[in-house]
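J.: 3D model of this:
(one chain, ligands or ions: 1)
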Amino acid sequence: MDYETPQFYRVMRYAARADRDVVDMVSGSPDWEPPDALRAGLHEYADADPDQFRYGPSVGLTPLRDETAERRGVDRSRVLVTNGAGEANYLAMTGAVERASGSQVVLTDPVYPYYAGRANMLDAPTQYVPVDADGHLDPEAVRAAASEETAAIVVNTPNNPTGAVYPPETIAELVAVAEARDAVLVCDEVYDHFDYTGTFESALARESDHVVVTNAVSKSMAVTGLRVGYAVFPPEEGPLGELLPAARTRHMLTNVTGSRPAQSAVLHALRETPPDYYERNRERVRRRIETFTDALATAGADYTRPGGAFYVLARFADFPGTMDNVERLVDEAGVAAMPGEAFGEARAEWLRFALVTARVDEAADRLVDFFG
Ligand SMILES: Cc1ncc(COP(=O)(O)O)c(C=O)c1O
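T.: Just a heads-up that it's a prediction; the model follows:
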């Protein structure tokens, strides 16, 4: 499998060029409205004084870091504003690999392909730990996979693509493994607002020096194109204090700083958006999951019922999750999904459908017609 270049754009391009109407269920870009306050923040910024269009602090706008730090219960110094959760994850992984004597990265199978691509880009050996049928991760298997060579354990909860929400006990045990191996647990929590189980707990609750949490407003505010995220690093005065300055420097040398209008609008939205905005969107995805999984049952497929995030994995008889079959589904059914093989070996028989389209009903009908 090609972990160098994630396959999302390839599938989207194929679907866009198809000779027929296609329901796009490829990428995890919410199709609903951003918060009103976010639009208002952007409008307001257009009329700001010229000095507001100059470089902001490289680590992010101070009031945005304050707001984030308060929400996450950490000191502002630990918050670095990044170009989405993607950059935050890259900085965390790179820092972990650089600081340790070993450079091994422990990942799950299935894996969000960008982690695997980043590990490859860093020349870091990888060790994959298969998750169980429900997408849950056995910390004992992670303990067995980790060694003196382990620099980072990278996990994502709520999970893309399995929809698993790891219980707090799992996170506690993963933290313990990272501590025992002097490694870093990198926890990507970008779907934290999409927990349908009510059990999600941030890895920050462990208060460990061996944890970096990464997040963004990309999904929670339906603004994947805005590019505002953050990482919370361990305190600089602690045993892994070198991670934070290394990340700051790498961020500065790569980006200079983040987009100031985008950060300002996000700050405004964080302050002004009522909880029911997030609840409405959660409810919307929950309804889509019901519709879609009902159709999968009718079509005779095996499927996951996600506890979080936006994705449903489905397995159809004699139709493994290969790129060829994905292209066939585009051409013959008019539905574009991701091949399970793009996420590793463990779900190579499966297809991943992103439920961030208003056309979930239509896609469901098409799948029933095609497979039913
Ligand atoms: C697990 C996971 N992490 C990170 C990202 C990217 O987040 P961002 O757009 O904030 O960089 C995605 C996007 O699909 C994702 O699924």
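J.: can you pull the residues of the stretch 51-200 of the chain lying near the ligand?
T.: 84-86, 112, 156, 160, 188, 190 (CB under 6 Å from any ligand atom). C-betas here are computed from N, CA, C, even on glycine.
J.: ok, so of these, who is nearest Y196?
T.: N160 (14.4 Å; CB to CB).
J.: hmm, that closest one is touching G28, no?
T.: Yes - the pair N160 / G28 is scored as a contact, 6.4 Å apart, by CB atoms under 8 Å.
J.: before we move on, back to that, ok, and the most crowded of the residues of the stretch 51-200 of the chain next to the ligand?
T.: Highest neighbour count within those: D188, with 29 neighbours (other CB atoms under 10 Å).
J.: for W350, what are its contacts?
T.: By CB atoms under 8 Å, 6 or more residues apart in numbering, the residues touching W350 are 313-315, 321, 340.
J.: and it, how far from T304?
T.: To T304, W350 is 8 Å away according to CB to CB, to the nearest Å.
J.: return every residue with contacts to both of the two.
T.: Shared contacts of W350 and T304 (CB under 8 Å, 6+ apart): 313-314.
J.: from the contacts of W350, which are also near the ligand?
T.: Okay, of these, nothing touches the ligand (CB under 6 Å from any ligand atom).
J.: any chance of those in TSV with distance to V22 as columns?
T.: Shown next, in TSV, are the contacts of W350 (distance: CB to CB, whole Å):
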residue	distance to V22
L313	20
A314	17
R315	21
G321	18
G340	19
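J.: which of the residues you listed lies closest to the ligand?
T.: L313 (13.8 Å; CB to the nearest ligand atom).
J.: just checking, the closest one is part of a helix?
T.: No - per DSSP: H, G, I helix; E, B strand; the rest coil, L313 lies outside any helix segment and is strand.
J.: looks like it contacts L351 (just checking).
T.: Yes - using CB under 8 Å, L313 is in contact with L351, at 7.1 Å.
J.: hey, where'd the strands end up in this protein?
T.: 23-24, 79-82, 104-109, 126-130, 150-156, 184-188, 211-216, 229-232, 302-303, 311-315, 335-336, 338-339, 351-354 (DSSP state E).
J.: can you add mean pLDDT and distance to G95 and give those back as CSV?
T.: Output for the strands of the chain, formatted as CSV (pLDDT from 0 to 100; distance: least, CB to CB, whole Å):
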stretch, mean pLDDT, distance to G95
strand 23-24, 96, 35
strand 79-82, 98, 11
strand 104-109, 98, 12
strand 126-130, 97, 17
strand 150-156, 98, 9
strand 184-188, 98, 7
strand 211-216, 98, 8
strand 229-232, 98, 9
strand 302-303, 97, 38
strand 311-315, 98, 28
strand 335-336, 98, 36
strand 338-339, 97, 29
strand 351-354, 98, 29
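J.: now those strands as JSON lines including distance to P261?
T.: Output for the strands of the chain, formatted as JSON lines (distance: least, CB to CB, whole Å):
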{"stretch": "strand 23-24", "distance to P261": "28"}
{"stretch": "strand 79-82", "distance to P261": "13"}
{"stretch": "strand 104-109", "distance to P261": "35"}
{"stretch": "strand 126-130", "distance to P261": "38"}
{"stretch": "strand 150-156", "distance to P261": "29"}
{"stretch": "strand 184-188", "distance to P261": "26"}
{"stretch": "strand 211-216", "distance to P261": "16"}
{"stretch": "strand 229-232", "distance to P261": "16"}
{"stretch": "strand 302-303", "distance to P261": "41"}
{"stretch": "strand 311-315", "distance to P261": "31"}
{"stretch": "strand 335-336", "distance to P261": "32"}
{"stretch": "strand 338-339", "distance to P261": "32"}
{"stretch": "strand 351-354", "distance to P261": "28"}
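J.: list the residues that contact V22.
T.: For V22, the contact set (CB under 8 Å, 6+ apart) comprises 15-16, 330, 334-336.
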